[in-house]
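J.: My questions are about this predicted structure, shown below with the sequence.
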Amino acid sequence: MIEVLAAVSMVLGGFFVFVAALGAVRLPDVFMRMHAATKAGTLGAGLVLLAALLVFATTAVTTKALLVFLFLLLTTPVAAHVLGRAAYYDGVALWDRTESDALKGKYDDSLVDASEDDEHAS
Amino acid sequence: MIWAGETTLLTVAAGVSLTLVAISLLLGFVRVLRGPSLPDRVMALDMIGLASVSVIVLIALISDQPILMDAAIALALVSFLGTLAFARFIERRERGIDD
């Protein structure tokens, strides 16, 4: 029974990592790609870790697997948020069929102007 | 798990899973090569880090070496720090702040 659960969890984990990669390649702009890669990727890695936890079934491995999963759960959203913010500052183009950009004009204009001046100067 | 030639449910599952993760590593590298912007590449590298953690855990399962889980912890940590450093670099470069 545990073996079946571990096998299913392993294959599902691989599948979700694959979905994350597929999204990262096929979706039209950075923010959508990031959305696919972070969420599906975390779920995939978490399911693979669950499989390891079930197969080994020792205290040491259980602790490590839970630790890695907790760590991924904490860091992946933070990394995605910081990177998304940086990408928005960087002026990465949104998808041409994007209907609304709620952040437009919400960032400090002086920073944006400064960066534009910097580009003209260099 | 023992990978000594015998085919069990777990070895088949690990093989299928490892194949899927290997394909996703390739797709990740496609995005790193194609860009088009620096955030795209950094995002792809972050995803490759996640896939690599899965690869390490699967290899730990296949070769019955639970000690490899330590490598997964280290890789998850380093990949996060790398992404954070890159994001900071992108943002500061854009704002024109020289450190």
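T.: Yep, it's here. Numbering: from 1, shown residues only, chains lettered A, B, ... in the order given.

J.: Who are the packing partners of the host helix or strand of B:Val12?
T.: Element membership for B:Val12 (DSSP states H and E) is helix B:9-34. Judged by 3 or more CB pairs under 8 Å, 6 or more residues apart in numbering or on different chains; DSSP states H and E, the packing partners of helix B:9-34 are helix A:2-26, helix A:30-56, helix B:38-62. Heads up, the C-betas are built off the backbone N, CA and C, glycines and all.

J.: Give the buried residues for the next helix or strand after the last one.
T.: The reference is to helix B:38-62. Downstream of helix B:38-62, the first helix or strand assigned by DSSP H and E is helix B:69-95. By 16 or more other CB atoms under 10 Å in any protein chain shown, the buried positions in helix B:69-95 come out as B:69, B:71-73, B:75-76, B:79-80, B:83-84, B:86-87, B:90-91, B:93-95.

J.: Tell me the confidence at B:Leu50?
T.: As predicted, B:Leu50 sits at a pLDDT of 92.

J.: residues touching the nearest residue to it once chain neighbours are set aside, list them.
T.: Closest residue in space to B:Leu50, ignoring its immediate chain neighbours: A:Gly41 at 4.0 Å, by CB to CB, 6 or more residues apart in numbering or on different chains. By CB atoms under 8 Å, 6 or more residues apart in numbering or on different chains, A:Gly41 lies in contact with A:Phe16, A:Val17, A:Ala20, A:Thr76, B:Met47, B:Leu50, B:Ala51.

J.: so how many other residues sit close to residue 62?
T.: Here I'm looking at chain A. 15 (other CB atoms under 10 Å in any protein chain shown).

J.: not what I meant, chain B
T.: Other residues near B:Ile62 come to 18 when the count uses other CB under 10 Å.

J.: what packs against the least confident helix or strand in chain B by mean pLDDT?
T.: Taking mean pLDDT, DSSP states H and E as the measure, the helix or strand of chain B with the lowest value is helix B:69-95, at a mean of 87. The helices and strands touching helix B:69-95, judged by 3+ CB pairs under 8 Å, 6+ apart, are helix A:59-89, helix A:109-121, helix B:38-62.

J.: which residue packs closest to A:Gln42, ignoring adjacent ones?
T.: Quick fix: residue A:42 is Thr, not Gln. Nearest in space to A:Thr42, with sequence neighbours left out and distances taken as CB to CB, 6+ apart, is A:Thr76 at 4.9 Å.

J.: Do I have it right that the one you found meets B:Leu50?
T.: Yes - applying CB atoms under 8 Å as the test, A:Thr76 and B:Leu50 come out as touching, 7.3 Å apart.

J.: Can you work out which residues contact both of these two?
T.: Shared contacts of A:Thr76 and B:Leu50 (CB under 8 Å, 6+ apart): A:Gly41, A:Thr42.

J.: more neighbours, these two?
T.: Set A:Thr76 next to B:Leu50 and count neighbours by other CB under 10 Å: B:Leu50 wins out with 30 against 24.

J.: and A:Gly105, which of the three is it?
T.: The local conformation at A:Gly105, judged by DSSP: H, G, I helix; E, B strand; the rest coil, is coil.
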